[in-house]
Structures are given as structure tokens and as C-alpha cells.
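J.: Provided below for reference: sequence and predicted model.
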Amino acid sequence: MEFQELKIGKKTARVPIIQGGMGVGVSRSKLAGAVAKEGGIGIISTAQIGYDEPDFETNVCDCNIRAIEKHIKLAKEQADGGLVGVNVMVALQHYKEHVKAAVRAGADLIVCGAGLPADLPELVGKSDTAIAPIVSTRKAASVLLRMWDKKYGRTADLLIIEGPKAGGHLGFTPKQLQTITSDDYDNEILEIIQEKKIYEEKYGVSIPVVAGGGIFDRLDIEHVMALGIDGVQIGTRFVATEECDASLAYKQAYIRAAEEDVVIIKSPVGMPGRAIRNAWLQRLQQQERVPVKKCFRCIKKCNPEEIPYCITQALIHAVTGNLEQGLIFCGANVGRIRELTTVSALMHELMG
Ligand SMILES: Cc1cc2nc3c(=O)[nH]c(=O)nc-3n(C[C@H](O)[C@H](O)[C@H](O)COP(=O)(O)O)c2cc1C
């Protein structure tokens, strides 16, 4: 099968691979710039992106805004004309500020997940930044596209479908995660493609659709392309690359992990998440709660008195290599990763 370039409005990625945004420092400028340089779309996650700025503890919002602008600029310098976007979680406390900062910094694309980005068209205004919501079901796609159509008279530039095998926070209930089969999900993908056709016809545009969650090799890419998908979003495989912005210890945890080490956890974000079982998670299961010493105001709906642990703190520990106290998010196929590679080698392997 021949892979085509991925066209998003007036922008074109030579290679139809989007590197998924990975929060709290896992995908910043180094990884996103390298993927963009290879012809894919590099995505920087804005979730606590400024965690290593010197005044982060006292000035969280400003540090994140500063880091969004800095990392977009750095990634674009590296990208050699390739496309660089950001991933902004709708559940974030400062979601709107992050979107506006990314537009100001000239992001090519804004991807929004962890909630429905009802006001995203208004936030990007008439800028050149393309908008791409993440949806997991036809129902979510239908609600959002209808809302944008009625309220703003516009539609998505790209749709990203995230399936149950993805990493990080998941748009499914724990029960769905146990019961949805690959065939069920292929049908959901076909349904979402039907839904977007309504708006392609209405607006006379093409809305490419990208699928992610458990895409590991070229065969997986060919499988979703045969369903009518235009590209793929891949997260987990990009973690085990030299360019990934996480610590070496984090990447080694990916290389060591076996299939049975992957667990579904409860996150303070209110969605289930997928992670590698480690001593910290086991302790959490026994004690049930790690008291929150400081609140970083990362998500809108969070009461530090009630949550089992602080997700920002746990993810910062992990990304900086303190795995003893860290939460290591991963996709369902992490157990198949055997070695550290480079972005270039991985992209060549995936494209065959
Ligand atoms: C470590 C990690 C962090 C992630 N962080 C985010 C995030 O901040 N926002 C988001 O929308 N998705 C996040 N994701 C999901 C990825 O962007 C990607 O869509 C998904 O993992 C694709 O599945 P795969 O990992 O099996 O390739 C994360 C995934 C991983 C593995």
C-alpha cells in the first residue's frame, strides 16, 4: 500500500504520521521538532510544559505560557519547514490561555482532547492555525461538529480518533476498556468517517481523519488506512527515541515493560488512564492516598483534599527519572518495545 501525504487545509505533511502530544514534558520541542523534520507532524503537549522553569512552583500559569512559546519556536527552528502543533487538554485550568499562546506563537495545528473543545473556533479566530478535536466515538464527533456548525459556522480541519489502546487519559469507561474488541472499534471508526462526510459536503472541504491508539507497526497503519483513514497518531513508540524529551530512565521503563505490567488507573482528571505498574502504583493501591503537599492548579475540576494523589507531581517525578514516585503513562502496546531508537529510524520503519 502506498501512503499519501496528509493535507490539512492549506498545510501538507509529507508523511501521514502525527506524533501524539504527551503531557508533562514527554513531548516538547526536541521530539516534536525531530518528527516534523522527518515530514510528520510534531506535537508539543502544553500540560505542565513549564515544569522545569525556575519559578514554576510559584508562577505555574506564566511558566507554562512562556514554555509554550519557547518550545514552539525551538521546534519550528528544528523542523526545517515541517509542521509543528500543540496538544491542549480541555480539562486544563488554563486551557484557553494555552490555546491563545499557541496561536500567537504560530502553531500549525491545535489538537484538543480530554473533553470537548466547544469554543475552540472562537479561540483560534481567523488565524492560520488548524483545529483538530480528538474524539473516541461517533456520538462525540456528532455533538461537537453540530455545535461548531451552529455556533460558529465552521467545521474541523482534521479529526483525530483515539481508540481504547491509547496511552495517557482515555475517553472510555474502565468497563468499555475491557470489553471493546478491535472489530467493534473498526466499526466505530467507519461510523466517525460517515459523520464527518456530512460536514465535508456542507462546507465543500475535505476533513482528513487520523486514527491512534495501539498503532505499533506498518501493518497497523495499513489496517486503519484500509478503513478509509488518512493518517495515524502515534504516541508510545515515540517515547523510546533518543529525541523524546523525557529522561532516559523513563524510556528504559518502556523498554523493560512487559504486557502484563500495563494497568488501568484512576486519575484525578476523572478519566481512566493507562500506565506501567511500578512500586509507586502498588503503594498507592495499598495506602489509597498520597497526600497533596502543593496544588499546581493543573485541571479545572480537582479538589486536592479528595484526590488520591497529585497527578502533576507524579508525572513530574516520572519525566525527570524519579520512577520510585512517578506515574509512567503508556499505551497498551508498550510491552512490544525492545530498544531505544531514533525518530528518523522509527519513521522509516513505520513508512517501510
Ligand atoms: C506518556 C503519554 C502521555 C500522553 N499525554 C497526552 C496528553 O497530554 N494529551 C493528550 O491528548 N493525549 C496524551 N496522550 C495520548 C497520545 O497523544 C496518543 O494519542 C496515544 O498515546 C496514541 O496511542 P499509542 O500511544 O498507543 O500510540 C499521552 C500518551 C502517552 C503515552
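T.: Arrived safely, thanks for sending. Numbers count the residues shown, from 1 in each chain.
J.: those residues of the chain touching the ligand, which are they?
T.: 20-23, 26, 45, 47, 87, 89, 113-114, 134, 162, 165-168, 212-215, 233-236, 329-331, 333 (C-beta under 6 Å from any ligand atom). The C-beta positions use only the backbone N, C-alpha and C, and glycine is treated the same way.
J.: buried set for the helix or strand of the chain with the lowest mean pLDDT?
T.: For the chain, counting by mean pLDDT, DSSP states H and E, helix 279-287 ranks last in confidence among helices and strands (a mean of 84). Neighbour-count burial for helix 279-287 flags 280-281, 284 (criterion: 16 or more other C-beta atoms under 10 Å).
J.: if we can go back for a sec, so which of the residues of the chain next to the ligand sit within helices?
T.: Among the residues of the chain next to the ligand, the members falling in helices (DSSP state H) are Thr236.
J.: show the contacting residues for the closest residue in space to Ile68 that isn't next to it in sequence.
T.: Using C-beta to C-beta, 6 or more residues apart in numbering and skipping residues adjacent in sequence, the residue nearest Ile68 is Ala101, 4.5 Å away. Contacts here follow C-beta atoms under 8 Å, 6 or more residues apart in numbering; on that basis Ala101 touches 46, 65, 68-69.
J.: do the same with Ala34
T.: With C-beta under 8 Å, 6+ apart, Ala34 has these contacts: 42, 78, 241, 243, 342-344.
J.: in TSV: those residues, plus distance to Leu315.
T.: Shown next, in TSV, are those (distance: C-beta to C-beta, whole Å):
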residue	distance to Leu315
Gly42	20
Gln78	24
Thr241	19
Glu243	19
Thr342	25
Val343	22
Ser344	27
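J.: among the residues you listed, the buried ones, what's the PyMOL command?
T.: Per 16+ other C-beta under 10 Å, the buried members of the contacts of Ala34 correspond to this PyMOL selection:
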select buried, resi 42+78+241+243+343
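J.: re earlier: am I right that the residue nearest to Ile68 falls within a helix?
T.: Yes. With DSSP: H, G, I helix; E, B strand; the rest coil as the criterion, Ala101 is part of a helix.
J.: was I right to think Glu188 contacts Ala140?
T.: No. Contact criterion C-beta atoms under 8 Å: Glu188 and Ala140 do not qualify, at 10.3 Å.
J.: more neighbours: the two, which one.
T.: A count of neighbours by other C-beta atoms under 10 Å puts Glu188 above the other of Glu188 and Ala140, at 21 against 18.
J.: list the contacts for the more buried one?
T.: 136-138, 161, 163.
J.: just the closest of those to Gln313, please.
T.: Relative to Gln313, the closest of those is Ser136; by C-beta to C-beta it sits at 27.4 Å.
J.: so how far is Glu162 from that closest one?
T.: Distance from Ser136 to Glu162, counting by C-beta to C-beta, to the nearest Å: 5 Å.
J.: do the same with Gln286
T.: In terms of C-beta to C-beta, Gln286 sits 31 Å off from Glu162.
J.: cool, and Pro304?
T.: 28 Å.
J.: who has more neighbours, those two?
T.: Applying other C-beta under 10 Å to Pro304 and Glu162 shows that Glu162 carries more neighbours, namely 23 against 14.
J.: look up how far Gly212 lies from that one.
T.: Applying C-beta to C-beta to Glu162 and Gly212 gives a distance of 5 Å.
J.: between the contacts of Glu188, which sits nearest the ligand?
T.: The closest of the contacts of Glu188 to the ligand turns out to be Gly163 (C-beta to the nearest ligand atom; 7.7 Å).
J.: nearest residue to that closest one in space, please, no chain neighbours.
T.: Excluding the flanking residues, the one nearest Gly163 by C-beta to C-beta, 6+ apart is Gly213, at 3.3 Å.
J.: OK, contacts around the one you found?
T.: 161-166, 233, 331-332.
J.: report how many residues lie close to Ala211.
T.: 29.
J.: tell me the bridge partners for it.
T.: Ile161, Val232 (DSSP bridges).
J.: list the contacts of it.
T.: Contacts of Ala211 by C-beta under 8 Å, 6+ apart are 160-163, 189, 224, 227, 229, 232-233.
J.: find me the pLDDT at Glu288, would you?
T.: Glu288 is assigned a predicted lDDT (pLDDT) of 66.
J.: next: the one 5 residues further on.
T.: Among the per-residue scores, Lys293 shows a pLDDT of 80.
J.: and for the one 10 residues further on?
T.: Note for Asn303: predicted pLDDT of 79.
J.: state the distance from the residue nearest to Gly163 to Asp149.
T.: Applying C-beta to C-beta to Gly213 and Asp149 gives a distance of 26 Å.
J.: what do you get for Glu349?
T.: 40 Å.
J.: picking that back up, shared neighbours, Glu162 and Gly212?
T.: Counting by C-beta under 8 Å, 6+ apart, the residues touching both Glu162 and Gly212 are Gln233.
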